[in-house]
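Sequence first, then the predicted structure, then my questions.
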Amino acid sequence: MVFHSFAVFAMLKDTGYYKMQIMDLSKKGVSFAVCNNSLKARNIDTNRVIPEAIIVPVAILEIVKKQKKGWSYIKAGY
């Protein structure tokens, strides 16, 4: 899962509402990525991101890389 824009707040240690669910999914093999551009745009330090997530430079590039490998893209939210 790739989090960008305001969704990055869900992946922070101090504001993430779904931390327990994310930890459970992480244990089941789901990977989580957080867009560094989105973090920078909101002046969020990378140290605030939960350890279950990786930080990728740009969300859209991460999505394109995954699509090239055969992954599917489903947009959730608005």
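Yes, it's here.

Only C-alpha atoms from now on, for both contacts and neighbour counts.
Noted.

could you pull out the strands for the chain?
2-3, 32-35, 53-56 (DSSP state E).

What are the contacting residues of the shortest one?
Contact partners of strand 2-3, identified using C-alpha atoms under 8 Å, 6 or more residues apart in numbering, comprise 11, 32-35, 59, 62-63.

low-scoring stretches of the protein, by residue?
Counting by pLDDT under 70, the chain has low-confidence residues at 77-78.

Buried residues, stretch 40-57. List them.
44, 49-50, 52-56 (16 or more other C-alpha atoms under 10 Å).

In JSON lines, list these along with distance to Lys68.
Output for the buried residues of stretch 40-57, formatted as JSON lines (distance: C-alpha to C-alpha, whole Å):
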{"residue": "Ile44", "distance to Lys68": "30"}
{"residue": "Val49", "distance to Lys68": "27"}
{"residue": "Ile50", "distance to Lys68": "27"}
{"residue": "Glu52", "distance to Lys68": "24"}
{"residue": "Ala53", "distance to Lys68": "21"}
{"residue": "Ile54", "distance to Lys68": "20"}
{"residue": "Ile55", "distance to Lys68": "20"}
{"residue": "Val56", "distance to Lys68": "17"}
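
ok, back up a step: neighbour-wise, which one of the contacts of strand 2-3 leads?
Highest neighbour count within the contacts of strand 2-3: Val34, with 29 neighbours (other C-alpha atoms under 10 Å).

Okay then, goodbye and thanks.
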